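Visitor: Structure, please.
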Amino acid sequence: MGAAGAPPVANSFAVAAEPNSTPAAPKFVLTPEADISTIVEAARARYNTGVTRSLSWRKNQLRALFRMFDENESVFLEASHKDMAKHHNETWAYDVLILKNEIVDALENLDSWSKPERVDPGLPNMLDTAEIRRDPFGLCLVIGAWNYPYQLTLGPMMAAIAAGNAVIVKPSEVASHAAAAMAHFLPKYLDPVLFPVVNGGVPETTALLKIRFDHIFYTGNGFVGKIVAAAAAKNLTPCVLELGGKSPVIIDETADLAIAAKRVMWAKSINCGQTCVAPDYVLVPRGKVDAFAAACKDAVLDLYGENPKTNSHYPRVITKRQFDRLTDVLDKQKAIGTTKVAVGGETDASDLYIAPTVLTGVSGSDPVMEDEIFGPLLPILPTDSVNECIDFVRAREKPLALYVFSKNQKVVDDVLARTDSGNAVVNDLLMNMTIPNLPFGGVGASGSGKYHGKAGFDTYTHTRSYLQCPAGMDLVTMPRYPKMAYSNGGRKLLSALLEKRVGGFWALMRKLALPTRTWAYVFCIVVGFVIGGGAQNRWTWWR
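Guide: Numbering: from 1, shown residues only. This is a model prediction of the structure:
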C-alpha cells in the first residue's frame, strides 16, 4: 500500500461495478526461460541509447501508466476478484488508487526531484562548480508480490521510471489473473523493450536472478528475501527488500477500546489479513482483554454483518496452500487448553474462507506467535504494563509496523523511543500508507530500503558527485603544489585559509550566502598572499 488519499473502510464504498460484471482478465502465459536473457539484453541495449535520460520522456511513460489503469480499470479490478474474491472497490481503493496517486505525485515533483543540487565548494575550489547529480542506476529488476499485485509491482516500477531506469517486471505468479493483466496491457502503453514483463514461477525467477542487474527490488517473505539478497551480492547489486514480520499493536489503559477494536479489525480484515503491515497480535492490559475481545466482535458485526462469508466486501485467502497453512496454525492454537476463540473461527476449504478470528488465552510461545500470520487470525495477549509490552516487542525481530493506542503522549514517546520498527502509527493503522511523503520500508528482518514519493525516486537514483574546474587560471591552484604547500610559510598560509575549527571563523563564513561567501574567500586569499609576502620576500616567502 502507499500514497495520497485516505481510502474508506470496507463496508462504506460508493456504488461500483460488482464482481463478475466486467470482462475477464487475459490468460496467464509463462515466459519461456530461453527467452529471458534475450529480453534482458534488449532492455539493456535500449537503455544504453540514453532515451530514458529525458525528463519529458519519463513523464510521458508515467502518464501512459496512469492512462492504462484509467482505460482498463474494470479488467484490472476483475482480475483481482478472480484471484482473491476481492470486491472491486477494495482493489480500487487499496491497490489501484494508491498507485495512481503515486504516479501523479511523481509527475508533479519530478522536475524538483531530479534537479542537480549545488553545494558549497569551499575556499580551495571557490571558482569551481560543485553539485550533486541524480543519475539512474540502469537496468532494474522488480519482483512483485501477490497480495497487492498492482501497487507492489508497478509502484516500484513507477519509481524506477521516474528516476530514468529500465525495468524488468516480474509479477507474482500466485495472483495469476493480475499478472496476466499486467503482461497484457503494459506493452500496449509503455515502451515494450524497456519495460517487459516476465511471467513465471520459481524457475523463471531463478533465471532472472542469475543475470546481472543494476538494482533489484523484491517484495515478499524473508525466506525468499535472503535468496534474492544472496543473488544480488554475487554481482554487488544494490537491492531493496520489502518483507514483513509480526507487527504488534500496543493498547494502554487510556485507549478507547471500541475505537481501537474497530480500527484493528478493519486493518486485519482488509485483503483477508494478507497485508504486510496488518496487525499481527495485540498486547492489551490484562484486566481489559475480555472487553477488548467483545469490542472486536462488535466491530466485525458492524463491518461485515452476522456472517462475513455472505458479505461481498470480505475477500478470501489467495490459495489452498495458504488456507492450509492458516488453518493448521489455528487448529494447533485451539488445541492449547487456555486458548479461546472469542470471535469467528469458521473456515470453509471449498471457498478458501476463514472468518475474522480473534483468539484469547495466548502466550508468546504459542503456535500462532511463531511466524507472521498473514491472514485473518488475531491473537490477544494480556500484559501488566507498558514496560512489559516494550520488552515483549524488543525480544523479537524488528517488525515492519508498530501500532500504539494511547491518549498519553508520554507513553507514546516512551514506546517509540525504546522500540524499533520500519514504520509506526499512533491511534490508527495502515494510514501512513496514504501519505506519499512518508517513506515506507522495513528495518532488520522486516526489510531494507525505502520507497513511496521522493523516497522511491531516491531509491532508484545514484547520487553522483560532480565537480567542474576552470581550464586555466593555474595561479589559483598554485598553493597545492609541493614547492609552496610543503614549505613552512606555505603550511601557515594553507592552515590559515583551509583548516576548519569548530565555531571558528570559517564556521561563520559557511553561514554566508554563496555570492557573499565567494567574495569573502577572494578577499581572504588576497590578504593571505599580502601577509605572507610581507614576512619574507614577496615572491619567495614560501621557500
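Visitor: Distance check, the residue nearest to Ala349 when sequence neighbours are not counted against Leu377.
Guide: Nearest non-adjacent residue to Ala349, counting by C-beta to C-beta, 6 or more residues apart in numbering: Phe323, 6.3 Å away. For every residue, glycine as well, the C-beta is placed using N, CA and C. According to C-beta to C-beta, to the nearest Å, Phe323 and Leu377 sit 12 Å apart.
Visitor: Name the residues contacting each of the two.
Guide: Ile354 (C-beta atoms under 8 Å, 6 or more residues apart in numbering).
Visitor: So for these two, which sits in the more crowded spot?
Guide: Leu377 (25 against 20; other C-beta atoms under 10 Å).
Visitor: Would you agree the more buried one is in contact with Ile354?
Guide: Yes - the criterion here is C-beta atoms under 8 Å, and Leu377 meets it with Ile354 at 7.5 Å.
Visitor: Pull up the overlap in contacts between the two.
Guide: What both Leu377 and Ile354 touch, as defined by C-beta under 8 Å, 6+ apart, is the set 326, 330.
Visitor: a helix runs through the residue nearest to Ala349, doesn't it?
Guide: Yes - assessed with DSSP: H, G, I helix; E, B strand; the rest coil, Phe323 lies in a helix.
Visitor: residues contacting it?
Guide: So Phe323 contacts 317, 347, 349, 352, 354 (C-beta under 8 Å, 6+ apart).
Visitor: From what I see, Pro470 and Asp128 are in contact.
Guide: Yes - the criterion here is C-beta under 8 Å, and Pro470 meets it with Asp128 at 7.3 Å.
Visitor: element containing the closest residue to Val174 other than its chain neighbours?
Guide: The shortest distance from Val174 to any non-neighbouring residue, by C-beta to C-beta, 6+ apart, is to Trp146 (3.8 Å). Under the criterion DSSP states H and E, no helix or strand holds Trp146.
Visitor: Quick one: neighbours of Trp146, just the number.
Guide: Trp146, neighbours per other C-beta under 10 Å, totals 24.
Visitor: just Arg212 next, same as before
Guide: Using other C-beta under 10 Å: Arg212 sits among 12 other residues.
Visitor: measure it to Ala232 for me?
Guide: 10 Å.
Visitor: What of Glu370?
Guide: With C-beta to C-beta as the criterion, Glu370 and Ala232 are 28 Å apart.
Visitor: now do Asp391
Guide: Relative to Ala232, and taking C-beta to C-beta, Asp391 is found at 35 Å.
Visitor: On the three-state scheme, Pro379 is what?
Guide: strand.
Visitor: From here on, call the first residue 13.
Guide: With 13 as the first residue, the last one maps to Pro391.
Visitor: Tell me who's in contact with it.
Guide: 293-294, 345, 371-372, 374, 378, 380-381.
Visitor: which one is Val294 nearest to, not counting chain neighbours?
Guide: Going by C-beta to C-beta, 6+ apart, Val294 has Val261 as its nearest residue, at 4.4 Å.
Visitor: dump the residue contacts of that neighbour.
Guide: Going by C-beta under 8 Å, 6+ apart, the list of residues near Val261 reads 272, 276, 291, 293-295, 415-417, 441.
Visitor: what's the spacing between the closest residue to Tyr326 other than its chain neighbours and Leu269?
Guide: Nearest non-adjacent residue to Tyr326, counting by C-beta to C-beta, 6+ apart: Pro320, 4.3 Å away. Relative to Leu269, Pro320 is positioned 21 Å away (C-beta to C-beta).
Visitor: Neighbour count for the two, which is higher?
Guide: Each of Pro320 and Leu269 has its neighbours counted (other C-beta under 10 Å); Pro320 has more, 22 against 18.
Visitor: any idea how far Val341 is from the more buried one?
Guide: From Pro320 to Val341 the distance is 19 Å (C-beta to C-beta).
Visitor: now Ala243, nearest residue through space, not along the chain?
Guide: Nearest non-adjacent residue to Ala243 (C-beta to C-beta, 6+ apart): Leu221, at 3.9 Å.
Visitor: Quickly note the distance from the one you found to Asn247.
Guide: Distance from Leu221 to Asn247, by C-beta to C-beta: 10 Å.
Visitor: Same check on Val296?
Guide: On the measure of C-beta to C-beta, Val296 and Asn247 end up 47 Å apart.
Visitor: So the two - more neighbours on which side?
Guide: Using other C-beta under 10 Å as the criterion, Val296 and Asn247 rank with Val296 on top: 28 against 13.
Visitor: hang on, the more buried one in a strand?
Guide: Yes - judged by three-state DSSP, Val296 forms part of a strand.
Visitor: If it is in a bridge, with which residues?
Guide: Pro394 (DSSP bridges).
Visitor: go on, Tyr463?
Guide: Assigned bridge partners for Tyr463, using DSSP bridges, are Phe452.
Visitor: Surely it is in contact with Gly453?
Guide: Yes - if you go by C-beta under 8 Å, Tyr463 and Gly453 touch, sitting 6.6 Å apart.
Visitor: overlap in contacts of the two?
Guide: Joint contacts of Tyr463 and Gly453 (C-beta under 8 Å, 6+ apart) are 252, 254.
Visitor: of those two, who's got more company?
Guide: Tyr463 (25 against 21).
Visitor: pLDDT score for the more buried one?
Guide: With respect to pLDDT, Tyr463 has a value of 97.
Visitor: wait, what's in contact with it?
Guide: 14, 167-168, 171, 229, 252, 254, 451-453, 471.
Visitor: gap between stretch 444-459 and the chain center?
Guide: 5 Å (C-alpha atoms, centre = their mean, to the nearest Å).
Visitor: quick one on the thing from earlier: redo the contacts of Val261 as TSV? Include neighbour count and distance to Gly349.
Guide: Shown next, in TSV, are the contacts of Val261 (neighbours: other C-beta atoms under 10 Å; distance: C-beta to C-beta, whole Å):
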residue	neighbour count	distance to Gly349
Ala272	25	28
Val276	26	26
Pro291	24	25
Tyr293	22	19
Val294	26	21
Leu295	22	22
Tyr415	28	29
Val416	26	31
Phe417	27	29
Leu441	24	31
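Visitor: List just the nearest of the residues you listed to Leu313.
Guide: Val276 (14.4 Å; C-beta to C-beta).
Visitor: What distance do you get for that closest one to Asp426?
Guide: Counting by C-beta to C-beta, the gap from Val276 to Asp426 is 21 Å.
Visitor: can you give me phi and psi for the residue nearest to Val294?
Guide: Backbone torsions for Val261, taken as degrees, to the nearest 10, come to phi -120, psi 120.
Visitor: what does the model give Thr50 for pLDDT?
Guide: Value for Thr50, per-residue pLDDT: 98.
Visitor: didn't Ala191 look like it was pressed against Lys182?
Guide: No - the pair Ala191 / Lys182 is not scored as a contact, 9.0 Å apart, by C-beta under 8 Å.
Visitor: Need the overlap of contacts for the two.
Guide: 209, 211.
Visitor: out of those two, which sits in the more crowded spot?
Guide: For Ala191 versus Lys182, neighbours defined as other C-beta under 10 Å are more numerous around Ala191 (29 against 25).
Visitor: Report pLDDT for the nearest residue to that one once chain neighbours are set aside.
Guide: Take Ala191 and drop its neighbours on the chain: the residue closest to it by C-beta to C-beta, 6+ apart is Pro183, 3.8 Å away. Here, the pLDDT recorded for Pro183 equals 98.
Visitor: same deal with Val108?
Guide: Taking Val108 on its own, its pLDDT is 96.
Visitor: how about it, phi and psi?
Guide: When quoted as degrees, to the nearest 10, the phi and psi of Val108 stand at phi -80, psi -50.
Visitor: Correct me if wrong: it contacts Phe88.
Guide: Yes - with contact taken as C-beta under 8 Å, Val108 and Phe88 are classed as touching, separated by 6.3 Å.
Visitor: what about the two, which has more around it?
Guide: A count of neighbours by other C-beta under 10 Å puts Phe88 above the other of Val108 and Phe88, at 25 against 22.
Visitor: That one against Lys112, yeah?
Guide: No - counting by C-beta under 8 Å, Phe88 does not reach Lys112; the two are 11.0 Å apart.
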